[in-house]
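Asker: What follows is a protein structure lacking sequence information:
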C-alpha cells in the first residue's frame, strides 16, 4: 500500500507539473523584427475610421450655418483629428504640420527669386476664427474649412500604412508620448479654447487602441496590463485638472517618464530595436536628462564621434587667443563659462572695443538648434564658427591662417595626429571646437535633478512657476521643453523665429520699437521684419541682460514685457507680431513663481 501511495504521489506531481506547463502563458502572435507588422491592417482600419469621423464633422461646417452649429461640428471634427494625431505624426508628418499649423503667415525664403508667403489653413486657424473675438469674413472662413474638407479625405486616400514594422509602431507610440508632454499640454494646439488636456486624452485613447491591438503579442502579459493601467492613470489625472491649475510637473515626472520606461520594456518584450537615426535617443527614459536627445543627429553626418579627448581638444581651442588675428581674444572672451557662455554685456563687444549689433547668445544647449545667430544665418555649429572667424569685428582671420597656426603648435600637431588621423585642417579644427560646444548640455540643474528623481528639493513656488510656464503664461508654446529653445517637438528638426515687438528699453509707459530688422534681411521680406530666433531660458539667471538687443536688465522686466503683450500690447505698430497682444494677466506672485522656476534651470558647468 505504501509503494502504491508513493507511485500515486509521483504520478500526481508529474501530472501537476505537466498541467502547469500547459497553462504557461504564450503570446498568440509573435513579432518579427525583419518583417512588416502583422497589425498594419488593424492600425490602418483605426486610422481610416478616425479620419472618416474627422472628415464627417468637417463636411458639416458651412458659412450658411449658425455660429453655434459650426462650433459644435468643429469640436467633433477636432476630437477625431486628435484621436488620429499620433499616427499622423509618425506616418504623414507634412500633413500633420499643415493641419495643425498655428495661425501665422509662413514665409519660405530659400532663394530671393522664389519667396513663398503661405497663409495657414489649419484646425488652429479655424479655432481662432470660430471662437475668437474678431469677426471673420465668410470668404476667409470658407478658405480654411474648405481646405480641411478636401485635405482629410486626401490624407486617407494617400496613406502609407502598409509596410510598417513593429518598431515603427512602437516609435509612433513613443513620439506621441513625447509630443503630449512637450507640446500637447502647453496650449500650443488650442490657443483660444485651451482645450489641451482633453485633447491629450484623445491622444492617449489612440495610443491605448494600438497597445490593445498588440495585446496578444506580449510575452509578458503583465506588461500589457501595466500599459493599460498607466494610460488610465494618465487620463484620470488629465481629467482631474483644468488648464490653468494642472500639475504638469508631476504629470511629466510620474507619467510621461514612466511611459518611456514602458517603451523600453516593450522593445525588450517584443525583441526589437528602435532606430538610432532620429533626433531623440529611443532608449532614454527621462525627458529631462542628457540622454534624451541623440547628439549624433545634431552633428554633421559621418563626422568623428564625440569623445572626451576631442571635447578636451575643443575646449583648449575654444580658450586659445591665437586663433584670432590679433592674438588677444578667444571664443571664451565673449562666451564666459561663469555667465553660461555669454559675456554680461548689453551688446557684444567687437575686436576694436566697439559695441556690435546684438547681445551675445549663450552656447549652452546651442547644439539643439537647427540654425545659429539671432537671424539664423549660421548653418550648424561648424558653419557658425566660420562666421565668427571671418567677421572683421570678431576673429577677423581666414581659415587657412588658423590651419597654419595650429600646425605650427607641436602640442596641437600631436593631438590632431592622434584624434584626426593627422589631418590638421580647418574642418577638423572647427569640428573639435563644435564638439566641445556639444558637450555643454549637462541637464544637471536643480530642476533636472528633481525630474530625474535624484532629489526632492524643488519648492512649491518653483513647481508652480513651471506649471505657469507650461500653461497659463504660455511660455512653453515658444520655449519648448526640455531644451527650452524654439526647436519644435516631437521631431526637433525646426527652430522657430518670433516677432515679439521688442522695445529699445524697458520703458513700457512710453515704449519705442527696436529698429533691428532681424530676418528682414537678406531677402528684404517685410513680413519677417523684427523676427528673431527663440533663445533658451536655461541658465537665464546667469545670462542678463536679455533679448537680442540686451534691452531688459532683469527677469522682472522680461516678465512685465510679456505681461503687457509685447509691442502690440503696448500700442506699437507691429503688424506681424507672433506674440498674442493680450495681457497674460499674471499676478505679481505668479511672475515671481515663473522667475523662481527659470532660476532652477541653472546648470553646473565644470
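Answerer: Alright, I've got the coordinates. What you see is a predicted model, and the numbers here were worked out from it, not measured in a lab.
Asker: how's this structure carved up into domains?
Answerer: 40-287, 297-438, 446-599 (automatic domain parsing).
Asker: average pLDDT across the longest one?
Answerer: What it means is domain 40-287. Domain 40-287 comes out with an average pLDDT of 96.
Asker: can you give me the end-to-end distance of that domain?
Answerer: Chord length of domain 40-287, first to last residue, is 29 Å (C-alpha to C-alpha, to the nearest Å).
Asker: next one: the last one
Answerer: The first and final residues of domain 446-599 sit 9 Å from each other (C-alpha to C-alpha).
Asker: thinking again about what came up before, quick one, which of the domains of the chain is nearest to residue 28?
Answerer: For these, the distance to residue 28 is smallest for domain 40-287, at 3.8 Å, taking C-beta to C-beta. Just so you know, the C-beta spots here come from the backbone N, C-alpha and C atoms, and that holds for glycine as well.
Asker: Please, where are all the strands along the stretch 101-250 of the chain?
Answerer: 106-111, 114-118 (DSSP state E, counting those that start in this stretch).
Asker: elements contacting the first one?
Answerer: Spelled out, that is strand 106-111. On a contact count with 3 or more C-beta pairs under 8 Å, 6 or more residues apart in numbering; DSSP states H and E, strand 106-111 meets strand 114-118.
Asker: Could you list the paired strands of the strand it packs on along with their orientation?
Answerer: Strand 114-118 has the following strand partners under DSSP bridges: strand 106-111 (antiparallel).
Asker: Just checking the distance from the partner strand to the centre of its chain.
Answerer: Distance of strand 106-111 from its chain centroid, counting by C-alpha atoms, centre = their mean, to the nearest Å, is 22 Å.
Asker: quick one: buried residues of it?
Answerer: Within strand 106-111, the residues that count as buried by 16 or more other C-beta atoms under 10 Å are residue 107.
Asker: I figured residue 413 hits residue 407, correct?
Answerer: Yes: between residue 413 and residue 407 there is a contact under C-beta atoms under 8 Å: 6.2 Å.
Asker: joint contacts of these two?
Answerer: Common contacts of residue 413 and residue 407, defined by C-beta atoms under 8 Å, 6 or more residues apart in numbering, comprise residue 424.
Asker: Let me see the contact set for the residue nearest to residue 335 when sequence neighbours are not counted.
Answerer: Take residue 335 and drop its neighbours on the chain: the residue closest to it by C-beta to C-beta, 6 or more residues apart in numbering is residue 341, 4.1 Å away. By C-beta under 8 Å, 6+ apart, the contact set of residue 341 is 335, 362, 363, 364, 440.
Asker: so can I have CSV of those showing pLDDT and distance to residue 568?
Answerer: Putting these into CSV (pLDDT from 0 to 100; distance: C-beta to C-beta, whole Å) gives the following:
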residue, pLDDT, distance to residue 568
335, 97, 33
362, 97, 27
363, 97, 31
364, 97, 31
440, 97, 35
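Asker: mind putting the residues you listed in a markdown table, neighbour count, secondary structure and distance to residue 73 included?
Answerer: Listed next are those as a markdown table, based on neighbours: other C-beta atoms under 10 Å; DSSP: H, G, I helix; E, B strand; the rest coil; distance: C-beta to C-beta, whole Å:
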| residue | neighbour count | secondary structure | distance to residue 73 |
| --- | --- | --- | --- |
| 335 | 22 | coil | 53 |
| 362 | 20 | coil | 46 |
| 363 | 22 | coil | 49 |
| 364 | 23 | coil | 47 |
| 440 | 21 | coil | 50 |
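Asker: Looking at these, which is nearest residue 590?
Answerer: Compare each of these with residue 590 using C-beta to C-beta and the shortest gap goes to residue 362, at 25.5 Å.
Asker: my guess is residue 126 meets residue 146, correct?
Answerer: No: using C-beta under 8 Å as the test, residue 126 is too far from residue 146 to be in contact (10.8 Å).
Asker: Specify which residue of those two has the higher count of neighbours.
Answerer: Set side by side, residue 126 and residue 146 show more neighbours around residue 126, with 25 against 15, by other C-beta atoms under 10 Å.
Asker: Now do the contacts for the nearest residue to the more buried one once chain neighbours are set aside.
Answerer: Spatially, and ignoring its direct neighbours in sequence, residue 126 is nearest to residue 144 (5.2 Å; C-beta to C-beta, 6+ apart). Going by C-beta under 8 Å, 6+ apart, residue 144 touches 121, 122, 125, 126, 129.
Asker: quick one on the thing from earlier: out of the domains of the chain, nearest to residue 605?
Answerer: That would be domain 297-438 among the domains of the chain, by C-beta to C-beta, at 5.4 Å.
Asker: residue nearest the centroid of the protein?
Answerer: residue 489 (3.1 Å; C-alpha atoms, centre = their mean).
Asker: any idea how far residue 94 is from that residue?
Answerer: Distance of residue 489 to residue 94, computed by C-beta to C-beta, to the nearest Å: 16 Å.
Asker: same check, this time on residue 316
Answerer: Taking C-beta to C-beta, one finds residue 316 at 44 Å from residue 94.
Asker: Residue 599 now?
Answerer: If you go by C-beta to C-beta, the gap between residue 599 and residue 94 works out to 39 Å.
Asker: who's more crowded, those two?
Answerer: Counted by other C-beta under 10 Å, residue 599 and residue 94 do not tie: residue 599 has more neighbours, with 19 against 9.
Asker: Tell me who's in contact with the nearest residue to the more buried one once chain neighbours are set aside.
Answerer: Closest residue to residue 599 apart from its sequence neighbours, by C-beta to C-beta, 6+ apart: residue 541 at 4.4 Å. Residues near residue 541 by C-beta under 8 Å, 6+ apart: 555, 598, 599, 601, 602.
Asker: these two touch, right, residue 107 and residue 529?
Answerer: No: Residue 107 is beyond contact range of residue 529, at 11.0 Å (criterion: C-beta under 8 Å).
Asker: mind checking the end-to-end distance for stretch 185-204?
Answerer: 12 Å.
Asker: Also stretch 438-447?
Answerer: So stretch 438-447: terminal residues 21 Å apart, C-alpha to C-alpha.
Asker: Now do that stretch: everything it contacts.
Answerer: With contact meaning C-beta under 8 Å, 6+ apart, stretch 438-447 is reached by 288-290, 292-293, 295, 298-299, 306, 311, 314, 341, 363-368, 381, 457-458, 462, 466, 482, 538-539, 597, 600-605.
Asker: Narrow those to just the buried residues.
Answerer: Buried members of the contacts of stretch 438-447, counted by 16+ other C-beta under 10 Å: 288-290, 292-293, 295, 298-299, 306, 311, 314, 341, 363-368, 381, 458, 462, 466, 482, 538-539, 597, 600-603.
Asker: Since that was my last question, I'll sign off now.
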